[in-house]
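Enquirer: Fold the following.
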Amino acid sequence: MLKTTPAISVHFWNLAEYVSGRHVGDWVDLDRCEDFDDFRSKVAEVTRNAEEWILSDYESDCGIAFGELTSLETVWEAHEFVSTLDEQERDAFGDYLANAGGVEYLSAAIAEFEDRYRGQWRSLEEFAIDFGAEVYSEFFKNVPPGFEVSVDVVSFEQDFWISDNGHVFWRH
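Expert: From the prediction side, this is the model:
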């Protein structure tokens, strides 16, 4: 599947001007930046080469939340990673990052995401049954007619969790 680049845009204010009551700043669309140096240059441009700036607002189609003092390096790292993901994975990564503690844990979330993400499901029970059918295929083939396989979802929650959007992740 062809990966698409997500839209992440960030608004910056020149902090010294902002404190003085003047609004100097604008939006920077990371999709329009060629690399980190170009991104840093555009931030400098919109803040008129401010020594200090604040990140005042952001738009992210992957659910990543940035704080006012998030570093440019962290914003760019998030952009680079989510640019490699398809739409469903971007949504899932936003859920995973929020659960991990936010952008302060971005590097760890990036390192863990691929190993922990199990897909999108209507419920953890549905995932557990499908998982069981894959792992214990012979057992599932031999279920007598009229019988139904059930799972202990409470026990399954010890190893997996499901986001509000239905994305399932392995806990360990």
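Enquirer: ranges for the strands of the protein?
Expert: With strands called from DSSP state E, the chain shows them at 8-14, 25-29, 53-60, 117-120, 160-162, 167-170.
Enquirer: so of those strands, which one's packed in deepest?
Expert: strand 8-14 (a mean of 21; mean count of other Cβ atoms under 10 Å). (Each C-beta comes from the backbone N, C-alpha and C, glycine too.)
Enquirer: Tell me what angle that one forms with strand 25-29.
Expert: Strand 8-14 and strand 25-29 meet at an angle of 160 degrees, taking axes from the mean of the first three to the mean of the last three Cα atoms, to 10 degrees as the criterion.
Enquirer: Relative to the whole chain's centre, how far out is strand 8-14?
Expert: 19 Å (Cα atoms, centre = their mean, to the nearest Å).
Enquirer: residues making contact with it?
Expert: Strand 8-14 is contacted by residues 23-31, 43, 46-48, 50, 52-62, 64, 66, 75, 78-79, 82 when judged by Cβ atoms under 8 Å, 6 or more residues apart in numbering.
Enquirer: swap in stretch 141-151?
Expert: 125, 128-129, 132-133, 140.
Enquirer: 7 Å instead, please
Expert: Residues outside stretch 141-151 that contact it (Cβ atoms under 7 Å, 6 or more residues apart in numbering): 125, 128-129, 132, 140.
Enquirer: Find the least confident helix or strand in the protein, judged by mean pLDDT.
Expert: Least confident helix or strand, the chain: helix 137-141 with a mean of 88, by mean pLDDT, DSSP states H and E.
Enquirer: Alpha carbons of that one, as CSV, please.
Expert: Extracted in CSV, the C-alpha atoms of helix 137-141 (Å, rounded to 0.1, in the frame of the first residue of the first chain):
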residue,chain,number,x,y,z
SER,A,137,-6.1,-23.4,14.4
GLU,A,138,-6.5,-27.2,15.0
PHE,A,139,-8.6,-26.6,18.0
PHE,A,140,-10.9,-24.1,16.2
LYS,A,141,-11.2,-26.5,13.2
